[in-house]
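Undergrad: please find the sequence and the predicted model below.
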Amino acid sequence: MPGYNDPSFDTLALHAGAAPDPATGARAIPIHLSTSFVFESSDHAASLFNLERAGHVYSRISNPTNAVLEQRIAALEGGIGAITTASGQAALHLSVATLMGAGSHIVASTALYGGSHNLLHYTLSRFGIETTFVHPNDLDAWRAAVRPNTKLFFGETVGNPGLDVLDIPAVSAIAHEAGVPLLVDSTLTTPYLLKPFDLGADLVYHSATKFLSGHGTVIGGVVVDGGSFDWDKSGKFPELTQSYEGFHNMVFSEESTVGAFLLRARREGLRDFGACMSPHSAWLILQGIETLSLRMDRHMANTEKVVQFLASHPLVSRVGHPLMESHPSHARAEKLLRFGARGAGSVFSFDIQGSREQGKAFIEALKIFSHLANVGDCRSLVIHPASTTHFRMSDDALAHAGIGPGTIRLSIGLEDPADLVDDLKRALRAAEKAGA
Amino acid sequence: MKLTLKNSTGGSYDIYAYTGGKDFEVSKPTLVFIHGVLNDHSVWILQTRYFAHHGFNVLAVDLPGHGRSGGDAPASVEEAAQFIEALLDAVGVQQASLIGHSWGSLIALETAAHLKNRITHLALVGTAFPMKVSPALIEASLNNPTQALEMVNVFSRATLAAPPSALGPGTWVYGASMALGRRLLASNPHVNIFHRGFVACDSYSHGLEAMAEVSCPVLFLLGETDQMTPPRAAKSLIDQARASGKSFSVVKVPMGHHQMSEAPEETLNALKAFLNSQHIAQT
């Protein structure tokens, strides 16, 4: 939260973590494409390895360009620090692997990106970590799912695919009663639209591939620690509060009163799992963040116009954006998000009345929207789940997943909104003809 | 390490002191690190861990009533100095060096004045005398601690691009300070240690006399752009050190009030030069 003369969001987006390069005077952030960094002496080397001093050793663990991105996203989120990772999925895995091992349990929202669901439901269960999925709006279900071995609550700030807005204050309160932290995926909201730490979340991660980079050019992730969760008081995290033989017998929570999670995540997780970010990727994401607020404002404005158009079109039976008063999360979005329901993001779905064939016809008639599997690009994107990501499912199974044969997912970009509306209008005409 | 100390009413309380990842050995030279208002041992990590692995005992305390330490939070510099003396007695250390930051620098100064030859080196980091705190800040620390914490954080910081710091690269020192302050404030449900610490700084009046009584070399380690304790605010102590014939040095680092996290290398190097050269000279 901005404080007494604290730098504001747009200033931090341009300056946090970076100053002119002292060696060259370069004003832009240099890309440090170096795997390793020279030690001043044998003693300096030993001190760096033992965390007696801070500095860069090897780019799997840290890199000067990545460190700028880490400071910058931590500043924008109001956290204490961050770790960049190879992807958003790597950030989720790093978070989980730092906090628990076999025999542990997670309570997670059902409204998740498919990749996150796969990791929790299939992959982690193979490694002895179980997950109970609960509807994000069912607070009793969150509470009831807690077990003695529960280590983490997890949800998306704005859930996939229905844009359910997570009640972070209520869910985090239940998590804290259970002595566990709340981790949220804030990819679709970015720190510009929502500050999860201010609402009670403890850890935040992003697929930086999406709005943070904003140009569809790079894969990356980042996990941020709010420094709020008291690991010692919880007593459920010996990984952070007891001596760790795997790293100099360090007790991470003694080394850092507020940063034990980040210490272990970097010193064990990046070291051993190795899912680090390339410095070149970090630089591309930093370029994106410099214009984050400008882009998000335009994403929101364009989305509002597209939602208004679709809501008034006779072939459209449902628009799944919290801007609609009928949306189940409308009131919560108004309350929790920085810009109210406008700030629920620019990725949403809508339903065309009709068959799968009509859905396909709609997609194929679009000229500006790109048909692909991504969101958060500066270009507008579209996908028809029934014919792509979910094509093996029956109509009944699709309905259970909240997806109709005519459900279309859009990611609204930065083009002229009139052109986007024209493109959708033309495609809806094509869908209508396909059903005739 | 945990220690049990006696309080003034005959009871006892537990104290925590970080030892830098090494066991305490009474035969080694001992360095006592004393934190400032609403801080704890962890602000010294990038100095203490180094010294602990380079031939010194390190005792980076959580002052009573702060963080991991029990007991009553000291209400004055003098009371805190008595605690440091009790700590040294409890671990059986006859001589030690004291390194204090901000409020902790006044505690170190007062302790050194009282213990005289038991203190071999005195390092005052981000110091001032008098250490007056604005009435608005004292009032805010009592009635609106969050706002006061934000004020302190802004005044304490000098850069948006700190070098790799206490959590390594990727540490956002603004956020880390805010989180630590909130954690410390919550660590004592009985007393507002933020307000109590500021009042203790503001009301300390024995600084010049204390400096005259100090019998060891003194290092003034100041932040060039420090807005909490600007270098000029240390002038009276420096003048007194000079007037009373002390061996002293003044080192300025190009940072603000949190030298330890914003300029960890410069701070460590200054302390190394001071503590090592003097230590060698004495032996």
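TA: Yep, it's here. Numbering: from 1, shown residues only, chains lettered A, B, ... in the order given.

Undergrad: which one is B:T225 nearest to, not counting chain neighbours?
TA: B:A158 (4.3 Å; Cβ to Cβ, 6 or more residues apart in numbering or on different chains). Where C-beta positions appear, they are placed from N, C-alpha and C, glycine not excepted.

Undergrad: quick one: what helix or strand has the one you found in it?
TA: For B:A158, there is no enclosing helix or strand under DSSP states H and E.

Undergrad: and it, its phi and psi?
TA: B:A158 adopts backbone torsions of phi -120, psi -10, taken as degrees, to the nearest 10.

Undergrad: list the contacts of it.
TA: Taking Cβ atoms under 8 Å, 6 or more residues apart in numbering or on different chains, we find B:A158 in contact with B:223, B:225-226, B:254-257, B:262.

Undergrad: now stretch B:247-262: buried residues?
TA: By neighbour count with 16 or more other Cβ atoms under 10 Å in any protein chain shown, stretch B:247-262 contains the buried residues B:248-249, B:251-253, B:255-262.

Undergrad: next one: stretch A:116-136
TA: Neighbour-count burial for stretch A:116-136 flags A:116-117, A:119-120, A:124, A:129-134, A:136 (criterion: 16+ other Cβ under 10 Å).

Undergrad: for stretch B:197-210, same thing?
TA: Those would be B:197-202, B:204, B:206-208, B:210, for stretch B:197-210 by 16+ other Cβ under 10 Å.

Undergrad: count of residues packed around residue 143?
TA: I'll assume chain A. 16 (other Cβ atoms under 10 Å in any protein chain shown).

Undergrad: that answer is for a different chain, and I need it for chain B
TA: Counted with other Cβ under 10 Å, B:N143 comes out at 11.

Undergrad: cool, A:H321 as well?
TA: For A:H321, the count of nearby residues is 29 (other Cβ under 10 Å).

Undergrad: list phi and psi for it.
TA: phi -130, psi 140.

Undergrad: show me what the longest helix anywhere in chain B is packed against.
TA: Identified as the longest helix of chain B according to DSSP state H is helix B:264-282. Judged by 3 or more Cβ pairs under 8 Å, 6 or more residues apart in numbering or on different chains; DSSP states H and E, helix B:264-282 is in contact with helix B:45-52, strand B:119-125, strand B:218-223, strand B:248-253, helix B:259-262.

Undergrad: out of the ones you listed, the one nearest chain A is which?
TA: helix B:45-52 (4.0 Å; Cβ to the nearest Cβ).

Undergrad: circling back: dump the buried residues of stretch B:247-262 into CSV; add pLDDT as well.
TA: Putting the buried residues of stretch B:247-262 into CSV (pLDDT from 0 to 100) gives the following:
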residue, pLDDT
B:F248, 96
B:S249, 96
B:V251, 97
B:K252, 96
B:V253, 93
B:M255, 91
B:G256, 93
B:H257, 94
B:H258, 91
B:Q259, 93
B:M260, 95
B:S261, 92
B:E262, 91
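
Undergrad: of these, which pair is most distant in space?
TA: Farthest apart among the buried residues of stretch B:247-262 by Cβ to Cβ are B:F248 and B:S261. That separation is 25.0 Å.

Undergrad: check contacts around the closest residue to chain B within the stretch 151-300 of chain A.
TA: Closest to chain B within the stretch 151-300 of chain A is A:G227: 3.0 Å, counting by Cβ to the nearest Cβ. By Cβ under 8 Å, 6+ apart, A:G227 lies in contact with A:79-80, A:258-259, B:175-176, B:178-180, B:183.

Undergrad: with A:K305 instead?
TA: Here A:K305 is in contact with A:417, A:420-421 (criterion: Cβ under 8 Å, 6+ apart).

Undergrad: and the contacts of A:G227, which two are the farthest apart?
TA: Farthest pair in these, by Cβ to Cβ: A:G79 and B:R183, 13.9 Å.

Undergrad: who's more crowded, these two?
TA: A side-by-side neighbour count of A:G79 and B:R183, using other Cβ under 10 Å, places A:G79 first with 32 against 20.

Undergrad: now the closest residue to the more buried one other than its chain neighbours: which helix or strand?
TA: Sequence neighbours aside, A:V224 is the residue nearest to A:G79 in space, at 4.1 Å (criterion: Cβ to Cβ, 6+ apart). Using DSSP H and E, A:V224 sits in strand A:221-225.

Undergrad: near chain B, which residues of the stretch 101-250 of chain A?
TA: A:226-228, A:230, A:248-250 (Cβ under 8 Å from any Cβ of the partner chain).

Undergrad: again, 10 Å this time
TA: Neighbours of chain B within the stretch 101-250 of chain A, by Cβ under 10 Å from any Cβ of the partner chain: A:197, A:222, A:224-230, A:232-233, A:243, A:248-250.
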